[in-house]
Every structure is written in C-alpha cells, then in structure tokens.
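Student: give the three-dimensional model of this entry:
(one chain, ligands or ions: 4)
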Amino acid sequence: NAKLNGKNRYHIYDAEHDRNVRGYHQSLVEISQALEDGQFVLYYQPKVNLRSGELLGVEALIRWQHPERGLLSPFHFLPVIENHALSIEVGEWVLREAMQQYGDWLQQGQDIAISVNISAYQLQQYNFTERLFSIFNEFPQVPRSRIEIEILETSAFHDLQKTSEIIRHCNSKGVEFALDDFGTGYSSLAYLRHLPVKTLKIDQTFVMDMLDDPEDFAIMEGIYGLGIAFQREILAEGVETEAHGKMLLQLGCEMAQGYAIARPMPAKGLLPWFAQWQPFASWQNTPTLERD
Ligand code: C2E
Ligand code: MG
Ligand code: MG
Ligand code: MG
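Tutor: Ligands and ions are numbered 1, 2, ... in the order given. Next comes the predicted model:
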C-alpha cells in the first residue's frame, strides 16, 4: 500500500533528521568544550621564496588535539560551526594564539609574519574590524603588518562592496589581506580590481594538475599574468614536488607553500626546520621563461 509506505518513509526520515539535529547540537557542545579545555592547536606551514629560500612567513592552520580521536583536521569541525557564533569564538582564539606565537618567536630573535584564515561568517560580522583591532590592542608588541588575513574568494564575493570597504579600512590601519584558494570561486576575474588584497594564493588544484594538463598550465599562466597586471603578489599553494617548483619558477612565480617545502608543523618545529632547510638546487638555477 503506497500510502503506508509513504508514511513509513516519512517516519524513517523524521527519525534520522532528529538524530542529525541532536548530533549537530552535540557536536557544537563538544567543540565549545574543546575550546574551553584548550584542545585546539595551531600548526604552522612555511611560505618561502623558491629561488632564494627566504622564509616569507607562515600560515597558521588549526587542529583539534582530541583526547580520544587524535589530531583532527579542520575539515572535521570547521564545517560544523560554519554560520554559528562559535566560529567567531574559534576565529578569535586563532587570532590571539597567532599573535602570542608571533611574540614568542620575536623573543627568540625571529620576526616571522603569520597569516590567519578568517571564515566567511566572521568576516561578515558587522563589527569584524572593531573586534580585530581590539585583539591587536591586546598585543601591543605585534605590528599590524605582520599578521595577514586570508579570506576565501567565495566569502569575499558574497558582498563585494562591503568586503572591499572592510579590507580598505584594515589596509589603512596596516593590515594586509590575501585571497585564498584563488581561481576556484567561479567569480569574474574582473572583480579583482575592486578588491584591495595584497596577495593572491593560487589554489593547489591548479598547481597539482599543471604538470600533465596543458590547460591547467595555461590557467596558471593566466592567473599569474593577471596578478602581475594588477600588481598583486602571487603565491602558489600545493607545491608537492620539485617539478612543481621548477615549473612555477619558469612562469616567474617564486612565492610558494607546499609539502615539497614543508608540511604544517607545531610551532616548536619551525625554527629547527628553517635552520636546516634549503631549496632544491634546480630551483635556484631554473630560469624564468621569456614571455612576449
Ligand atoms: P587553506 O587555507 O587553503 O590551507 C591550505 C591547506 O592545504 C592546509 O590544509 C594545508 O595543510 C594543505 N596543504 C599545504 N600544502 C599542501 C600540499 O603540498 N599538498 C596538499 N595536498 N595539501 C597541502 P588544512 O590545514 O587541512 O586546512 C584546510 C582548510 O581549513 C584551510 O585551507 C582553511 O580553509 C581551513 N582552515 C584551517 N585553519 C583554519 C583557521 O584557523 N580558521 C579558518 N577559518 N579556517 C581554517
Ligand atoms: Mg589559507
Ligand atoms: Mg588555500
Ligand atoms: Mg584550501
């Protein structure tokens, strides 16, 4: 009987929906508790100049050191708190932790710029700028120019005019922005001119595919050329191999981040890593191809 089946289906769906809602609230409680218990940690991934080996800064990447489940990637918990006030608490924890870490490295004689990822939800808060500078004020030893904000292309284009105003305002007070995962947002590249971001971070998918896909290489060339024309800095993400680095250098792209350089690591690993790291010899020698 079709009606009965329909009703049964409804009940099954309903129970599952119920479980999901309870699961969601349970997760929020756990994440909130984890924040209170100090279970979040920042890992740091170096950004370098491939040719010179210079350390340009590090990107702070959140992890959850879960007592039972081990070290959890942000994909396990950031999507849960997306669009929830908790994402602001986590985001502000990240900012404070990064500023603290900047101060720690500075005390060790190392001035290392730190990039922090900001969620769309946090960026869209009416008082984002105010909150940001109030956190800066808690850390007077941290120059505003040494903490960079990474925003996703998708969150920037959500309300382009408002986002440009926020960035312009922050710029006027010394804070720079980078556009993360650039190229994946399906937005018209022309809008870039309205967005005063200092740096474009080319998404890792383009870098990973450009070796064997001429079209991806063409996209890389295009994005790099566009960035140069707009006078932005361009950093390539997802440099996993020596060959990736070589090809980027042929394009002229020297700023990069990726496993071939270093994986994200706990703060205490960074200075020892840098003391022994050097670029591949081929990176130092690869000429930039002439373009016409
Ligand atoms: P993202 O900001 O684009 O960060 C780069 C991601 O790529 C990181 O993943 C990094 O570990 C990974 N990665 C770096 N080099 C390579 C490589 O050579 N190959 C591959 N396959 N991956 C590489 P992670 O740490 O898992 O973070 C994932 C995303 O989660 C980040 O992407 C960012 O969007 C978000 N995220 C991480 N930390 C935070 C945070 O504190 N706040 C916010 N709002 N988002 C964060
Ligand atoms: Mg990022
Ligand atoms: Mg990215
Ligand atoms: Mg990404």
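Student: does stretch 119-139 come close to ligand 1?
Tutor: Yes - using Cβ under 6 Å from any ligand atom, stretch 119-139 reaches ligand 1 at Ser119. For glycine as for every other residue, the C-beta is placed from the backbone atoms N, C-alpha and C.
Student: buried sites along that stretch?
Tutor: Across stretch 119-139, burial judged by 16 or more other Cβ atoms under 10 Å covers 119-123, 125, 128-129, 131-132, 135-136, 139.
Student: show me where pLDDT drops low in the stretch 151-292 of the chain?
Tutor: By pLDDT under 70, the weakly predicted segments of the stretch 151-292 of the chain are 186-188, 291-292.
Student: which stretches of the protein form strands?
Tutor: 40-49, 55-66, 70-72, 114-117, 147-152, 177-182, 199-202, 233-236, 255-256, 265-266 (DSSP state E).
Student: reformat the ones you listed as JSON lines; add mean neighbour count and distance to ligand 3.
Tutor: JSON lines is the format used below for the strands of the chain (neighbours: other Cβ atoms under 10 Å; distance: least, Cβ to the ion, whole Å):
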{"stretch": "strand 40-49", "mean neighbour count": "21", "distance to ligand 3": "10"}
{"stretch": "strand 55-66", "mean neighbour count": "20", "distance to ligand 3": "8"}
{"stretch": "strand 70-72", "mean neighbour count": "12", "distance to ligand 3": "19"}
{"stretch": "strand 114-117", "mean neighbour count": "22", "distance to ligand 3": "8"}
{"stretch": "strand 147-152", "mean neighbour count": "22", "distance to ligand 3": "7"}
{"stretch": "strand 177-182", "mean neighbour count": "24", "distance to ligand 3": "4"}
{"stretch": "strand 199-202", "mean neighbour count": "25", "distance to ligand 3": "5"}
{"stretch": "strand 233-236", "mean neighbour count": "24", "distance to ligand 3": "9"}
{"stretch": "strand 255-256", "mean neighbour count": "25", "distance to ligand 3": "12"}
{"stretch": "strand 265-266", "mean neighbour count": "14", "distance to ligand 3": "17"}
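Student: how about the residues of the stretch 151-292 of the chain by ligand 1?
Tutor: Contact residues, the stretch 151-292 of the chain versus ligand 1 (Cβ under 6 Å from any ligand atom): Asp180, Asp181, Gln204, Glu237, Gly238, Val239, Glu240, Gln257, Gly258, Tyr259, Pro264.
Student: measure the first one to Phe230 for me?
Tutor: For Asp180, the distance to Phe230 under the criterion Cβ to Cβ, to the nearest Å works out to 17 Å.
Student: which bits of the protein sit near ligand 2?
Tutor: Asn117, Glu150, Asp180 (Cβ under 5 Å from the ion).
Student: what sits against the first one?
Tutor: When you say that, I think you mean Asn117. For Asn117, the residues meeting the contact criterion (Cβ atoms under 8 Å, 6 or more residues apart in numbering) are Glu59, Ala60, Leu61, Ile62, Val94, Glu150, Ile151, Asp180.
Student: partners of the second one in the sheet?
Tutor: For Ala60, the beta-bridge partners under DSSP bridges are Tyr44, Val116.
Student: I'd say it and Ile112 touch.
Tutor: No - counting by Cβ atoms under 8 Å, Ala60 stays clear of Ile112, with 10.9 Å between them.
Student: average pLDDT for stretch 133-150?
Tutor: Taken as a whole, stretch 133-150 has a mean pLDDT of 98.
Student: run through who's touching that stretch.
Tutor: With contacts defined as Cβ under 8 Å, 6+ apart, stretch 133-150 is touched by 57, 59, 92, 95-96, 98-100, 102-103, 106, 111-118, 132, 170, 173-180, 198-199, 201.
Student: tell me which residues of stretch 169-176 are tucked away?
Tutor: By 16+ other Cβ under 10 Å, the buried positions in stretch 169-176 come out as Cys170, Val175, Glu176.
Student: and the residue nearest to the second one when sequence neighbours are not counted, how many residues sit next to it?
Tutor: It refers to Val175. Once flanking residues are discounted, Val175 sits nearest to Arg144: 4.9 Å by Cβ to Cβ, 6 or more residues apart in numbering. Using other Cβ atoms under 10 Å, Arg144 is surrounded by 16 other residues.
Student: what of Gly109?
Tutor: 7.
Student: residue contacts, it?
Tutor: No contacts exist for Gly109 under Cβ under 8 Å, 6+ apart.
Student: quickly note the distance from it to ligand 1.
Tutor: Taking Cβ to the nearest ligand atom, to the nearest Å as the measure, Gly109 falls 26 Å from ligand 1.
Student: that's all I had, so thanks and see you.
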